[in-house]
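Undergrad: Mind folding the following:
(one chain, ligands or ions: 1)
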Amino acid sequence: MKVGLLGFGVVGRGFYDIVATRDDIAVAKVVCLEDISLPDAEVTRDFQSVLADDSIDTVVEAMGGLHPAYEFVRAAIEAGKNVVTSNKALVCTFYDELIPLAQAKGVKFRCTAAVGGGICWLSELERARRVQKILRVGGIMNGTCNYILDSMTRLGLGYDEALKQAQALGYAEANPTTDVDGIDTWHKVILSSNIAFGVSLDAAQVPAAGIRNITAEDVEQFKAHGYVCKLVSTGICKDGVYSAYVQPTLFETCEPEATIPTNYNLITLVGEHSGRQSFYGQGAGRYPTAYNVVQDCVDLLSGKSFYAPYGAKVTIDNSAAMCYYIRGNFPADKVAERWGNAVITTPVSVEFVHAWLKENPDAFIAALNTGWNEA
Ligand code: HSE
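TA: Numbers count the residues shown, from 1 in each chain. So this is what the prediction gives:
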């Protein structure tokens, strides 16, 4: 395999280092803005030279961001080159365009590192969905948020300090608001659901609440009541009805999610035959993420392409009700009890709480008693 590598940042550099030890994958050109030279690959700023090079059969996109990643990936597919990317924003945003295009052109397209960093999540989801209906996907999908929440809970760190550390360790997106506002997790659960259920979720109907407003006082309340807070995604398919959302969620200390440390993720599927399967590993970082990019290249060599056939657009129903911890001015008729300066609600729908949060952007919400570990 001859690769045109786009981007030489955290993931691109990791990919280059790992494949340097292999003889089945060679990086022929690296497209990047950095002023570097490499012993065995041409470094260029000119993506067109990758397109024009017929010896390059595969484009590995590790630039991140939507533009020009989208234009480059689209042009690569149209030129008949296979694509491997770790860019969840790209695949999620242009799912309806890139996946059918790749399938129409007979081009192989994989993006395992886009969800779960170094975890073999999408590749196992691909196997799981071959022989059963997938009923639910989701879990802890963002290493940065898990690092922050874990540091606040176990080490008593403040939010800002924990975020700075996650950035220094290379976990956070270039713009870390993408992580802490739940957008990164949102991309990942939409992409996972699309593959799991063989559909295309209407992303505009999938709400995301993040962790930017969590305080040390919130964490103290959770501890006092025996809970640990995690940022969790959910995608459900039940009797042809689809539900999906991202929100901070409280787990009892004995539940698996409560124990997940640092940048690790815990991603779960529930299948009609297999029941629950959970996948644990590093959700971010140079070599874990680059590892999955290399795995995708090896899968391309063995003939694999995208994980599932492209499926039709579906709408979302988030009418399911659950209780929430809410710090903010929530309607009094929906309050069951008080925890310090926050409240615990009566069961209210996911849809209602996320709509309320849009009007109250300084509030913090966390779902509790969601039954996540009962399935
Ligand atoms: N910023 C992402 C995270 C990187 O923290 O999980 C991996 O997708």
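Undergrad: residue ranges of the helices in this structure, please?
TA: 10-19, 47-52, 69-78, 88-93, 95-105, 121-130, 143-154, 159-168, 177-180, 183-197, 216-224, 286-301, 350-359 (DSSP state H).
Undergrad: what about D362, how many neighbours?
TA: 10 (other Cβ atoms under 10 Å). Heads up, the C-betas are built off the backbone N, CA and C, glycines and all.
Undergrad: Look up the closest residue to it, ignoring the ones flanking it.
TA: In space, and not counting its chain neighbours, D362 is closest to N213: 6.3 Å by Cβ to Cβ, 6 or more residues apart in numbering.
Undergrad: In contact with the one you found: list those residues for me.
TA: N213 is in contact with 327, 362-364, counting by Cβ atoms under 8 Å, 6 or more residues apart in numbering.
Undergrad: Please list the residues of the stretch 101-250 of the chain that sit near the ligand.
TA: Counting by Cβ under 6 Å from any ligand atom, the stretch 101-250 of the chain comes close to the ligand at 117, 142-144, 171-173, 179, 184.
Undergrad: what about 8 Å?
TA: Within the stretch 101-250 of the chain, the positions near the ligand by Cβ under 8 Å from any ligand atom are 113-117, 141-147, 166, 171-173, 176, 178-179, 184, 188.
Undergrad: Are any of those buried, and if so which?
TA: Among these, those buried by neighbour count (16 or more other Cβ atoms under 10 Å) are 113-117, 141-147, 166, 171-173, 176, 178-179, 184, 188.
Undergrad: Quick check: L101 vs the ligand, distance?
TA: 24 Å (Cβ to the nearest ligand atom, to the nearest Å).
Undergrad: What is the neighbour count of that residue?
TA: Using other Cβ under 10 Å, L101 has 17 neighbouring residues.
Undergrad: so who does it touch?
TA: Counting by Cβ under 8 Å, 6+ apart, L101 touches 74, 77-78, 107.
Undergrad: Which residues of the stretch 251-375 of the chain lie near the ligand?
TA: Contact residues (Cβ under 8 Å from any ligand atom) of the stretch 251-375 of the chain with the ligand: 263, 265, 283-285, 289.
Undergrad: possible to save those residues as CSV with pLDDT?
TA: Listed next are those as CSV, based on pLDDT from 0 to 100:
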residue, pLDDT
N263, 94
N265, 98
G283, 91
A284, 90
G285, 91
T289, 95
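Undergrad: Highest neighbour count among those residues?
TA: G283 (33 neighbours).
Undergrad: Spit out the contact partners of it.
TA: For G283, the contacting residues are 116-119, 140-143, 146, 263-265, by Cβ under 8 Å, 6+ apart.
Undergrad: try Y325
TA: By Cβ under 8 Å, 6+ apart, the residues touching Y325 are 218, 221-222, 250, 339, 342-344, 365-368.
Undergrad: cool, L368 as well?
TA: 227, 249-250, 322-325, 344.
Undergrad: if you set the cut-off to 7 Å instead, what comes out?
TA: 227, 250, 323-325 (Cβ atoms under 7 Å, 6 or more residues apart in numbering).
Undergrad: any idea of the pLDDT on the residue nearest to it when sequence neighbours are not counted?
TA: Closest residue to L368 apart from its sequence neighbours, by Cβ to Cβ, 6+ apart: L250 at 4.1 Å. pLDDT for L250: 98.
Undergrad: is L250 in a bridge, and if so with what?
TA: In this entry, L250 is beta-bridged to C229, by DSSP bridges.
Undergrad: what about it, how many neighbours?
TA: For L250, the neighbour count with other Cβ under 10 Å is 25.
Undergrad: Now do it against the ligand, distance only.
TA: Taking Cβ to the nearest ligand atom, one finds L250 at 21 Å from the ligand.
Undergrad: wait, isn't I344 in contact with E337?
TA: Yes: with contact defined as Cβ atoms under 7 Å, I344 counts as touching E337 (4.8 Å).
Undergrad: ok, those two, which is more surrounded?
TA: Each of I344 and E337 has its neighbours counted (other Cβ under 10 Å); I344 has more, 18 against 10.
Undergrad: Let me know the outermost residue of the protein.
TA: Largest separation from the mean C-alpha position in the chain: D333, at 35.6 Å (Cα atoms, centre = their mean).
Undergrad: and that one, what is it in contact with?
TA: Contacts of D333 by Cβ under 7 Å, 6+ apart: none found.
Undergrad: Can you check the pLDDT for it?
TA: With respect to pLDDT, D333 scores 98.
Undergrad: So that it lines up with my notes, have the first residue be 882 from now on.
TA: Sure thing, new numbering starts at 882, so read that last one as D1214.
Undergrad: residues contacting Q984?
TA: By Cβ under 7 Å, 6+ apart, the contact set of Q984 is 1187, 1191.
Undergrad: From the ligand, how far off is it?
TA: Counting by Cβ to the nearest ligand atom, the gap from Q984 to the ligand is 25 Å.
Undergrad: For burial, what's the neighbour tally of the residue nearest to A960 when sequence neighbours are not counted?
TA: Leaving aside its sequence neighbours, A960 sits nearest to L932 (Cβ to Cβ, 6+ apart; 5.2 Å). Around L932 there are 17 other residues, counting by other Cβ under 10 Å.
Undergrad: Same question for G1079.
TA: G1079: 18 surrounding residues under other Cβ under 10 Å.
Undergrad: Excluding chain neighbours, give the residue nearest to the residue in the stretch 1032-1181 of the chain positioned nearest to the ligand in space.
TA: Across the stretch 1032-1181 of the chain, no residue is closer to the ligand than A1165, which sits at 3.7 Å (Cβ to the nearest ligand atom). Spatial nearest neighbour of A1165, excluding adjacent residues (Cβ to Cβ, 6+ apart): G1024 at 3.1 Å.
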